[in-house]
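In: Sequence first, predicted coordinates after that:
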Amino acid sequence: MQSIISELLTELKINPVLLDVGASAAPPKIWTALAPHSTYVGFDPDLREIHEERAGAFQRSVIVNEALTADRGANEVTFYLTASPFCSSSLEPDDTFINHWLYSNLFAVEKKTQVRATTIDATINRFKWDRIDWFKIDSQGTDLRLFNSISPEVRSRVLAVDTEPGLIEIYKGEDLFAVVHQDFLRNGFWLSDVNIGRFIRMRRRSLDVANSIEPEINDDFIKETVKSSPAYVEARYLRTIEWLAENSFSRREYALLWVFAVVDNQLGFALDLCLEFERIFGADDLSRKLKSNTLLLMKTAFRTRQARKGLERIERVLRRIARSFLRS
C-alpha cells in the first residue's frame, strides 16, 4: 500500500496539508503513509507531551505553540493546564460531572494561564496555504466550533476529519458528540470509523474507602473488575461522493480522497470513488490506475485474511493436540 500511495502522490504532485489540533504525543499513525509527501501542522499550547522529532518523517512540519480559538478578535485565551497534558483545554473542567468518574484527578487544574491564541484562518494566511486536506481535532471540548470557524471556502474542501467529542460532560460548555455528529452529516461527511473511549463510573473517594478496608482493592483491581462506561468518541469522517459532485471538486481532490479511503481501509468506498472519477472525468490512465490498484488491494486484503484464518485453525488444532497429550 505504501508504494502505491507514494507513486500516486508523486505522479500527481499532491502534497497534502494535515492539521493536528491537540498535538500532544505523536502525529496520528494513519498519516504514516502520507508523511513523506505532506505538510504537518501541530497545534498545542501545552508542550509537556509534544514530541517534535516524531514529526520529522513529514516533508515539512510546523509546531504552533498557540491555542486555537474560534474568536477572530482574540489574541489570547484562558487555558487550563491539567494534571494530564492530554486533558488541558481552553474550557474549564466541570467538577460537578468529573467527580463521578474514577480518574477525575487527570482533569485537576494545576494552573490557569493566559496563552497566545490564533485562528485557523490566520494560520493558513501566515503560512500561505490555500487548503486543509485532513483535519484532526482533539481540542478537549471545542472541536466543532473550531472546525466551523474556518472560512467557508477552505472548510468546504476539507476531505477528512478526525474528531474526539465527549459523550459525557467533562468541560463547561463543550461540544458533545450528538451535536458534532449531526453537523458533520448535514455538511457532506459520512462516518467512516468510530472508537468508544470509556471511563469507570466510580468516585475516587469510594475507592479510597474500599482500599482502606481491603488493601488489595486498588486501581489495578478496579480496572480488572468494574465495568467501564462510554465517555467519549474517536470519530473519523470522510467526504461523501455527493458533496464532491455538488461542489465541483477537481481530479486532485478525488484522487486524494481515494488515498485517504485506502489508508483508512475503506476499499469499497475507494472503488466507488474510482467509478465516480471515471464518470465525471472520463476513462484515462489515472482512472484505470485507481481502479486496478483498488482491486489489487482488495485481493491482497482477502488473501491476508484467509492466511490469518488458516493460522488460527492450525493454532486451534495444536492446542487440541496439546490438551490430548496432557490428558494422556
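Out: That came through, no problem. Numbering: from 1, shown residues only.

In: Verify the assumption that E11 is located in a helix.
Out: Yes - membership of E11 in a helix is supported by DSSP: H, G, I helix; E, B strand; the rest coil.

In: So for T304, what pLDDT did the model give?
Out: You'll see T304 listed with a pLDDT of 80.

In: which residues in the stretch 151-300 of the chain form strands?
Out: Using DSSP state E, counting those that start in this stretch, the strands of the stretch 151-300 of the chain run over 160-163, 189-199, 229-239.

In: Output the ones you listed as JSON lines; include the columns distance to D272 and mean pLDDT.
Out: Bear in mind the C-beta positions are built from the backbone N, C-alpha and C, glycine included. As requested, the strands of the stretch 151-300 of the chain are exported to JSON lines (distance: least, CB to CB, whole Å; pLDDT from 0 to 100):
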{"stretch": "strand 160-163", "distance to D272": "16", "mean pLDDT": "97"}
{"stretch": "strand 189-199", "distance to D272": "11", "mean pLDDT": "97"}
{"stretch": "strand 229-239", "distance to D272": "11", "mean pLDDT": "97"}
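
In: can I get the ones you listed in CSV with distance to R126 and mean neighbour count?
Out: Output for the strands of the stretch 151-300 of the chain, formatted as CSV (distance: least, CB to CB, whole Å; neighbours: other CB atoms under 10 Å):
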stretch, distance to R126, mean neighbour count
strand 160-163, 22, 24
strand 189-199, 27, 15
strand 229-239, 26, 20
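
In: Tell me which of those strands sits nearest to E153.
Out: Comparing these against E153 with CB to CB, the closest turns out to be strand 229-239 (15.3 Å).

In: and the angle from the closest one to strand 189-199?
Out: 160 degrees (axes from the mean of the first three to the mean of the last three CA atoms, to 10 degrees).

In: buried residues in stretch 28-46?
Out: Neighbour counts using 16 or more other CB atoms under 10 Å place 28, 30-31, 33-35, 37-46 of stretch 28-46 among the buried residues.

In: what's the lowest-pLDDT member of those residues?
Out: Ranked by pLDDT, these bottom out at D46 (63).

In: Look up how far T78 lies from the residue nearest the centre of the chain.
Out: Nearest to the geometric centre of the chain sits D162, at 3.6 Å (CA atoms, centre = their mean). Remark: distance between D162 and T78 (CB to CB, to the nearest Å) = 26 Å.

In: and what of D193?
Out: As judged by CB to CB, D193 and T78 stand 33 Å apart.
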